[in-house]
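J.: how would this look folded up:
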Amino acid sequence: QVQLVESGGGLVQAGGSLRLSCAASGRIFSSYAMGWFRQAPGKLRDFVAAISWTGNSTDYADSVKGRFTISSDMAKNTIYLQMNSLKPEDTAVYYCGTAATIYRDRRRYGYWGQGTQVTVSS
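T.: I've put the predicted structure just below:
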């Protein structure tokens, strides 16, 4: 079993920044990858970014490339999502999940956290 806890969401004005955290516990192995997804009301859960636990490999959705940065801290079993230049369309519940390697398909992720709300006002 793997437990994931997201934090760091909130309300921010357009152009602002937030940093999300996802703390993992349980059966965490260095071969796991972690991903951030987001889900707006009435929409599917979409890929945002993913990273290998070692931090050597990353992937980003085109919509966030250049604005968001994913990072990992293996010593703390935590991944982060630094979000800059936020836009109203970034408003969603953000979830982190675990997978065997980096995927963009949410169905490849086996464990999920409870999510953290990010709201960007215009």
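J.: Just list whatever residues bridge to the residue nearest to Y109 when sequence neighbours are not counted.
T.: Of all residues beyond its chain neighbours, the one nearest Y109 is G97 (3.4 Å), with distances taken as C-beta to C-beta, 6 or more residues apart in numbering. For the C-beta atoms, the positions are set from N, CA and C on the backbone; glycine is no exception. As for beta bridges, G97 partners with G35, W112 under DSSP bridges.
J.: For G97, give me the pLDDT.
T.: Listed pLDDT for G97 reads 95.
J.: what sits against it?
T.: L4, M34, G35, F37, R106, Y109, G110, Y111, W112, G113 (C-beta atoms under 8 Å, 6 or more residues apart in numbering).
J.: residues near T58, how many?
T.: Using other C-beta atoms under 10 Å, T58 has 15 neighbouring residues.
J.: Numbering from 25 from now on, please.
T.: Sure, I'll start numbering at 25, so the last one becomes T82.
J.: Ramachandran angles for it?
T.: Backbone geometry at T82, expressed as degrees, to the nearest 10, gives phi -140, psi 160.
J.: From what I see, C120 and A57 are in contact.
T.: No. If you go by C-beta atoms under 8 Å, C120 and A57 don't touch, sitting 11.0 Å apart.
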